[in-house]
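Colleague: My questions are about this predicted structure, shown below with the sequence.
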Amino acid sequence: MTGKKRTYNLQFWLLCASSFTFSMSFNMIIPELPDYLTSLGGEDYKGLFISLFTLAAGLSRPFSGKMADKVGRIPVMIFGSVVCIVCGLLYPVLSNVAGFLFLRFFHGFSTGFKPTGTTAYVADIVPVNVRGEAMGYLGFFTTLGAALGNAIGSPIASAYSYNGLFLISSVAALLSVLVLIGMKESLVNKEKFSFNHLMVRKNEIFESSVWPAFIIMAMSYFSFGMILTVIPDFSSSLGFANKGIFFTYFTLSSLLVRIIAGRASDKYGRVIVLKITYVLLTLALVYLGMVNSRTAFIIAAFFFGIPMGMNYPTIFAWTIDLSDERYRGKAMATVYIALELGIGAGAVISAWIYDNDNTQFPATFWTGAVTAFLSLVYLVWYSGSGKPSGDVLR
């Protein structure tokens, strides 16, 4: 494929639509999970509802990467969406702390599979000169789904109870599966599924060529895990009834920059865009730690969304640049493992620092700022070390 007309065909837009509904499915329940867990008597386990999810996602990545490279991208995506459907139906049934935490772990397999297959599919169908832009479009629809999910989650729970929220989450996941049925498999040399595909050897876990992207992804998404864990309580402390308001504003602002950032990385290179990203992320988290009003909170949410919107398309386009096309599924899985490690560590450490004490909000956010700054330091060192960047456009 050489032109944009052929790149952004019906298959590409169907993929974006599936990502939209999938993202909406699991994001709509996130703002309400801290209160739901508290209602079950598990208020001391708030750090686990994100970390268990990301742990399962991380553990499943080697399997999803191998399956995507052997069996196909679409079966991997369908499995991830089906997990969301099943979990949404089971949350009302396993309505105790142990059952909830078990389901949060199982739910993590959804993001362990669906995004791996999705990004590998995009890598198959787009030419090198628009990789960043294509990832920007994909990120746009994924983020739009997250924004809508975060915006409607609390109102749905208020109107129809938690059980109604979980059911609607399942319906959204079902829509993402229905969209995938109309798509054509992009993996050329497919193999018939066998249980041998579930036997992952040591050399099939990580794709070594994408280690630079792995390191940056893990460090940068530490702050995202922190935000997912602490922001709902911070929202409540400032008097917001809708605990998803921060997520709505930050995802909306990220929408404004995703495609632009992707195009900029295509034109100027991935590393330079990532450097700018982590300067902005550091400043956003420093500012968030100084917030003491509702207006400043909204500004901080918008400010935080800009670097997060720049990060997604750039770092995944960089991953494709660095990887061997024969192992794209494994490469994507490797970087997603880093994402889960970063989110999980951010969730656990931020919950420990915060410790249900509102006076600890500044220290929590400034810890994230330090980690973002270290990401910038690593990039500066890496780009000046003489190591090959893997950036095919620079």
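Modeller: Received it, and whenever you're ready, just let me know what you need. Residues are numbered from 1 along each chain as shown.
Colleague: Please make it C-alpha for all contacts and neighbour counts, starting now.
Modeller: OK.
Colleague: Let me see the mean pLDDT of stretch 173-184.
Modeller: Average pLDDT, stretch 173-184: 89.
Colleague: got it, and stretch 240-248?
Modeller: pLDDT averaged over stretch 240-248 gives 78.
Colleague: And that stretch, end to end?
Modeller: Counting by C-alpha to C-alpha, to the nearest Å, you get 13 Å between the two ends of stretch 240-248.
Colleague: So which residues make contact with it?
Modeller: With contacts defined as C-alpha atoms under 8 Å, 6 or more residues apart in numbering, stretch 240-248 is touched by 31-32, 146-148, 150-151, 153-155, 231-233, 235-236, 297-298, 301.
Colleague: OK, contacts around the closest residue to Gly108 other than its chain neighbours?
Modeller: The spatial neighbour of Gly108 that comes closest, neighbours along the chain excluded (C-alpha to C-alpha, 6 or more residues apart in numbering), is Phe53 at 4.1 Å. By C-alpha under 8 Å, 6+ apart, Phe53 lies in contact with Arg104, Phe105, Phe106, His107, Gly108, Phe109.
Colleague: and if you look at Ile227?
Modeller: Ala347.
Colleague: mind starting the numbering at 777 from now?
Modeller: I'll keep to 777 as the first residue from here, and by that count the last item is Ile1003.
Colleague: In the stretch 777-926 of the chain, where is pLDDT below threshold?
Modeller: 777-783, 823 (pLDDT under 70).
Colleague: in it, which spans are helices?
Modeller: If DSSP state H, counting those that start in this stretch is used as the criterion, the helices of the stretch 777-926 of the chain fall at 780-783, 786-803, 809-815, 822-846, 849-866, 873-901, 907-957.
Colleague: same deal with the stretch 977-1126 of the chain?
Modeller: According to DSSP H, counting those that start in this stretch, the helices that the stretch 977-1126 of the chain contains are 987-996, 998-1013, 1021-1044, 1046-1064, 1070-1098, 1104-1130.
Colleague: Same list (the ones you listed) but as JSON lines, adding distance to Gly817.
Modeller: Formatted as JSON lines, the helices of the stretch 977-1126 of the chain follow (distance: least, C-alpha to C-alpha, whole Å):
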{"stretch": "helix 987-996", "distance to Gly817": "32"}
{"stretch": "helix 998-1013", "distance to Gly817": "16"}
{"stretch": "helix 1021-1044", "distance to Gly817": "25"}
{"stretch": "helix 1046-1064", "distance to Gly817": "30"}
{"stretch": "helix 1070-1098", "distance to Gly817": "29"}
{"stretch": "helix 1104-1130", "distance to Gly817": "17"}
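Colleague: so which of those helices is the most packed in?
Modeller: Across the helices of the stretch 977-1126 of the chain, averaging neighbours per residue (mean count of other C-alpha atoms under 10 Å) puts helix 1104-1130 on top, at a mean of 26.
Colleague: List the buried residues of the helix or strand just after that helix.
Modeller: Later in the chain than helix 1104-1130, the nearest helix or strand by DSSP states H and E is helix 1137-1159. For helix 1137-1159, the buried set under the neighbour-count rule, 16 or more other C-alpha atoms under 10 Å, comprises 1137-1145, 1147-1152, 1154-1155.
Colleague: Return the distance of stretch 1018-1027 from the chain's centre.
Modeller: 16 Å (C-alpha atoms, centre = their mean, to the nearest Å).
Colleague: now swap in stretch 1022-1038 and tell me
Modeller: The chain centre lies 13 Å from the centre of stretch 1022-1038; the measure is C-alpha atoms, centre = their mean.
Colleague: quick one: Gly1038 and Gly915 touch, right?
Modeller: No. If you go by C-alpha atoms under 8 Å, Gly1038 and Gly915 don't touch, sitting 9.6 Å apart.
Colleague: what do those two both touch?
Modeller: Pro1089.
Colleague: For Tyr897, give me its contacts.
Modeller: By C-alpha under 8 Å, 6+ apart, the contact list for Tyr897 reads Arg849, Ser962, Leu963.
Colleague: Most neighbours among those residues, please name it.
Modeller: For these, the largest number of neighbours (other C-alpha atoms under 10 Å) sits with Arg849, at 30 neighbours.
Colleague: Throw the helices of the stretch 777-926 of the chain into TSV and include distance to Asp1131, thanks.
Modeller: Formatted as TSV, the helices of the stretch 777-926 of the chain follow (distance: least, C-alpha to C-alpha, whole Å):
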stretch	distance to Asp1131
helix 780-783	48
helix 786-803	24
helix 809-815	13
helix 822-846	9
helix 849-866	28
helix 873-901	19
helix 907-957	24
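Colleague: Of all the ones you listed, which one comes closest to Ala1121?
Modeller: Minimum separation from Ala1121 across these (C-alpha to C-alpha) falls at helix 822-846, 7.3 Å.
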